[in-house]
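Chemist: Following is a predicted model, sequence given first.
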Amino acid sequence: MNAQESTSTRPYLIRALYEWCTDNGFTPYVAVRVDDSVQVPREFVHDGEIVLNISFDATSSLQLGNDFIEFKARFGGKPRDILVPVGRVIAIYARENGQGMAFPPPVDSLVAAPSSSAVLAPVAPVAPVAPVAPVADVVESGASVDDRVVQLVPAVDVGDDEPPKPTPGPAGGRPSLKRVK
């Protein structure tokens with residue numbers, strides 16, 4: 001069996017990084033390039049992409065298969081069935097520190113422009129990622145396989161260098177707690 005006939009490494013890497021995230025107490029997120037084969041709530045798709053929290057707490061019946069990622073999740077309080085072809089996953093990373101792996105985007109997404117204008121609910125930002133060369137191209141060019149690993153880091157807002165100042169409490173300047181029943 002040659003490299004052309006072997007199965008993709010993408011589902012195995014996704015499962016490995018999912019396990020690494022959960023073992024270390026991180027929240028695994030996947031970035032997905034959306035097309036007609038992806039079953040997600042379209043109102044949360046932005047620029048042809050969606051970021052999904054696939055942690056144990058956010059999903060039920062999660063299956064990370066070789067062909068599809070399937071699970072049930074709530075979006076805006078409504079239960080939804082999610083189905084993502086593994087080939088449409090463009091990154092998996094930990095929400096807390098941005099560590100993870102980006103994959104080459106699907107070939108058809110390099111040609112087609114995104115068609116959705118819906119707004120995405122606020123989640124961790126995903127830095128733009130350059131396409132990764134296939135392993136054969138990297139090895140032939142003399143670079144190591146480790147040069148292909150990309151770390152996703154949340155964007156930093158450079159607009160405000162000062163943290164917000166706390167608002168003063170009631171008269172006397174002492175902080176107080178409010179009991180909510």
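Modeler: Structure received. Numbering: from 1, shown residues only.

Chemist: Provide a list of residues in contact with residue 90.
Modeler: Taking CB atoms under 8 Å, 6 or more residues apart in numbering as the contact definition, residue 90 lies against 31-33, 49, 102-103, 105-106, 129. The C-beta positions use only the backbone N, C-alpha and C, and glycine is treated the same way.

Chemist: Now name the helix or strand holding it.
Modeler: Under the criterion of DSSP states H and E, residue 90 resides in strand 89-94.

Chemist: before we move on, back to that, can you lay out the contacts of residue 90 as a markdown table showing distance to residue 78?
Modeler: Formatted as a markdown table, the entries for the contacts of residue 90 read as follows, by distance: CB to CB, whole Å:
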| residue | distance to residue 78 |
| --- | --- |
| 31 | 22 |
| 32 | 19 |
| 33 | 23 |
| 49 | 21 |
| 102 | 30 |
| 103 | 29 |
| 105 | 29 |
| 106 | 28 |
| 129 | 31 |
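
Chemist: now, among these, which is nearest to residue 7?
Modeler: Within the contacts of residue 90, proximity to residue 7 (CB to CB) peaks at residue 103, which comes in at 14.7 Å.

Chemist: Thought residue 89 was touching the closest one, still the case?
Modeler: Yes: under the criterion of CB atoms under 8 Å, residue 103 makes contact with residue 89 at 6.3 Å.

Chemist: Counting neighbours, what do you get for residue 53?
Modeler: Per other CB atoms under 10 Å, the neighbour tally for residue 53 reads 15.

Chemist: Would you mind measuring from it to residue 71?
Modeler: 10 Å (CB to CB, to the nearest Å).

Chemist: Could I get the contacting residues of residue 34?
Modeler: Contacts here follow CB under 8 Å, 6+ apart; on that basis residue 34 touches 40, 42, 45, 48-50, 88, 116.

Chemist: Residues contacting the helix or strand residue 70 falls within, please?
Modeler: Secondary structure assigned from DSSP H and E places residue 70 in strand 68-75. Contacts of strand 68-75 with the rest of the structure, by CB under 8 Å, 6+ apart, involve 14, 30, 41, 43-44, 52-54, 58-63, 79-86, 89.

Chemist: before we move on, the earlier item: ok and the strand holding residue 90 relative to strand 68-75, angle-wise?
Modeler: Between the axis of strand 89-94 and that of strand 68-75 there is an angle of 60 degrees, by axes from the mean of the first three to the mean of the last three CA atoms, to 10 degrees.

Chemist: avg pLDDT for the helix or strand following strand 89-94?
Modeler: With elements assigned by DSSP H and E, the helix or strand that comes after strand 89-94 is strand 100-102. Regarding strand 100-102, the rounded mean pLDDT is 94.

Chemist: residue boundaries of the helices in the chain?
Modeler: Listed from the start of the chain, the chain has helices (DSSP state H) covering 10-23, 107-111, 135-140.
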